[in-house]
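Visitor: Pasting the sequence and the predicted model now:
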Amino acid sequence: MGSGGQYYVYLLTNSGKSVLYAGVTNDLIRRVYEHKQRLKPGFASHYGVDRLVYYEVYEDIEAAIAREKQIKAGPRRKKVALINGRNPEWRDLYEEILG
């Protein structure tokens, strides 16, 4: 596995910034769109988690999955620190990734 392509580990939040959701995908634009449209039932759609506030890019799927698990296992303050380090205004980065 891990041959070619890019993989993304991302953090989403809701309008009140009260919930953080970590995920991994090979198509960040499509996946964030799915979250925004609430196309898949589950945690993210239930809590209205639809604002992309942080992401990392990987060339290896195993590395991306390991990083997602690391982020998910960590406390909220570590997720907040990641976001604040790159996106202190907590802007929705979706428009930015659309190009």
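Guide: Everything's here; your move.
Visitor: drop to CA atoms for contacts and neighbour counts, all remaining ones
Guide: OK.
Visitor: Now do the helices in the protein.
Guide: Remark: helices assigned in the chain by DSSP state H are 28-37, 43-46, 61-73, 76-86, 94-98.
Visitor: Which residues does the last one contact?
Guide: Same thing as helix 94-98. Ile29, Val32, Arg51, Leu52 (Cα atoms under 8 Å, 6 or more residues apart in numbering).
Visitor: could you flag which of those are buried?
Guide: When burial is judged by neighbour count using 16 or more other Cα atoms under 10 Å, the buried members of these are Val32, Arg51, Leu52.
Visitor: farthest pair in the contacts of helix 94-98?
Guide: Ile29 and Arg51 (11.9 Å; Cα to Cα).
Visitor: picking that back up, export the helices of the chain as TSV, with columns for distance to Gly16 and mean pLDDT.
Guide: Output for those, formatted as TSV (distance: least, Cα to Cα, whole Å; pLDDT from 0 to 100):
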stretch	distance to Gly16	mean pLDDT
helix 28-37	15	95
helix 43-46	14	86
helix 61-73	20	98
helix 76-86	14	98
helix 94-98	17	95
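Visitor: among these, which is nearest Ser18?
Guide: Going by Cα to Cα, the one of the helices of the chain nearest Ser18 is helix 76-86, 10.2 Å.
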